[in-house]
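Colleague: how would this look folded up:
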Amino acid sequence: MTSSLKRLGADLSLLAVAIVWGSTFLVMQDATRQTPVYTFLFWRFGLAAVVMALFSFKHFGMIDKKTILAGTVLGLFLFLGFAFQTFGLSYTYSSTVGFITGLNVVMIPFILLVFLKEKVSIYSCFGAFLAAAGLYFLSANDGINIGKGEFYALICAAMFSFQIVLTGIYTKKYDTFALVLVQFFAVALFSLMGVFALDNPVLPPNIDALFIKAIIITALFATVFAFFVQTAMQKFTSSAKTAIIFTCEPVAAGVVGYFFANELLTYIQLIGAVLIIVGMLTAEVGGFFSKKKSG
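Modeller: This is a model prediction of the structure:
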């Protein structure tokens, strides 16, 4: 398989991840209304770690000190992203938090440039700003005022940005199964610490059909499948393009909400969705032509 086909396959796989995340947002939102967030995260990533261990037992020998360190760092940034996102939701609108969280699409090129001295193509930069504009329209909010909630959301976006960038680095150095497994256990452990710190119950208040369904769906599809594919596929594509593709998550969430939860999509939100898709295609097609030209 040529490198171009590998990149295309990786990008399509990451698009599937964004669609899965957006599709599971509704069931996760319903579950966290009755279960504390860190309790939910502990059970979600705890189950994901157990399932991942069953699939990766042949790779246990690849888990060394460096892999444990790398996986723990990824898990820490992932946990902090969820944590600050939760804090942000306590002080401002969910649409505002969603928009600011999605700004990692424009943070990542600067992180790559400042910390790794890695230049990002003009197509990825332009696609990132189109996607950011799309996120703003998709959030359908009257305005963004920087307060405590918005500040927490900015930190959340930075944490997710570093998780994506570091995944792109570590996945080329360490075994994918071992790296994902350690990351899941790390998030589960940090979530458990959050449970104890905030006096939330380890056992959910209601272990009903909604909780069980939400845990199984998010653990298997939004965690095991999604993060394994992200880790495996970032070997073949850039962190900047990964972030652009992931902006399709709120588009998928909007489509699912429209068809299954009777949520309305305004014309402004549809324009935002189109801008996100155009931004993704700009980065994808532009990257193809730039590689072809350099080749």
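Colleague: Remind me which helix or strand Ser23 belongs to.
Modeller: Using DSSP states H and E, the element containing Ser23 is helix 3-32.
Colleague: I should have written Leu264 there, sorry.
Modeller: For Leu264, there is no helix or strand it lies in under DSSP H and E.
Colleague: try the one 10 residues further on
Modeller: The secondary structure element spanning Val274 is helix 267-294 (assigned by DSSP H and E).
Colleague: Who are the packing partners of that helix?
Modeller: Other helices and strands packing on helix 267-294, by 3 or more CB pairs under 8 Å, 6 or more residues apart in numbering; DSSP states H and E, are helix 3-32, helix 122-139, helix 239-246, helix 248-260. To be clear about C-beta, it is placed using only N, CA and C from the backbone, and glycine gets the same treatment.
Colleague: List the buried residues in the longest one.
Modeller: In other words, helix 3-32. Buried residues in helix 3-32, defined by neighbour count with 16 or more other CB atoms under 10 Å: 7-8, 10-11, 13-28, 31-32.
Colleague: Check the last one too.
Modeller: If you call a residue buried by 16+ other CB under 10 Å, then helix 248-260 has these buried ones: Cys248, Glu249, Pro250, Val251, Ala252, Ala253, Gly254, Val255, Val256, Gly257.
Colleague: Mind putting those residues into TSV with pLDDT and distance to Phe45?
Modeller: Shown next, in TSV, are those (pLDDT from 0 to 100; distance: CB to CB, whole Å):
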residue	pLDDT	distance to Phe45
Cys248	88	23
Glu249	83	18
Pro250	80	22
Val251	83	25
Ala252	83	22
Ala253	78	21
Gly254	78	26
Val255	81	26
Val256	79	23
Gly257	77	25
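Colleague: quick one: which of those residues is nearest to Gly75?
Modeller: Of all the buried residues of helix 248-260, Gly75 sits closest to Glu249, with 20.2 Å by CB to CB.
Colleague: quick revisit: report the angle between the axes of the helix holding Ser23 and helix 248-260?
Modeller: Helix 3-32 runs at 50 degrees relative to helix 248-260, counting by axes from the mean of the first three to the mean of the last three CA atoms, to 10 degrees.
Colleague: and helix 3-32, what other elements does it pack with?
Modeller: Counting by 3+ CB pairs under 8 Å, 6+ apart, helix 3-32 packs on helix 37-55, helix 209-219, helix 226-233, helix 239-246, helix 248-260, helix 267-294.
Colleague: Okay then, goodbye and thanks.
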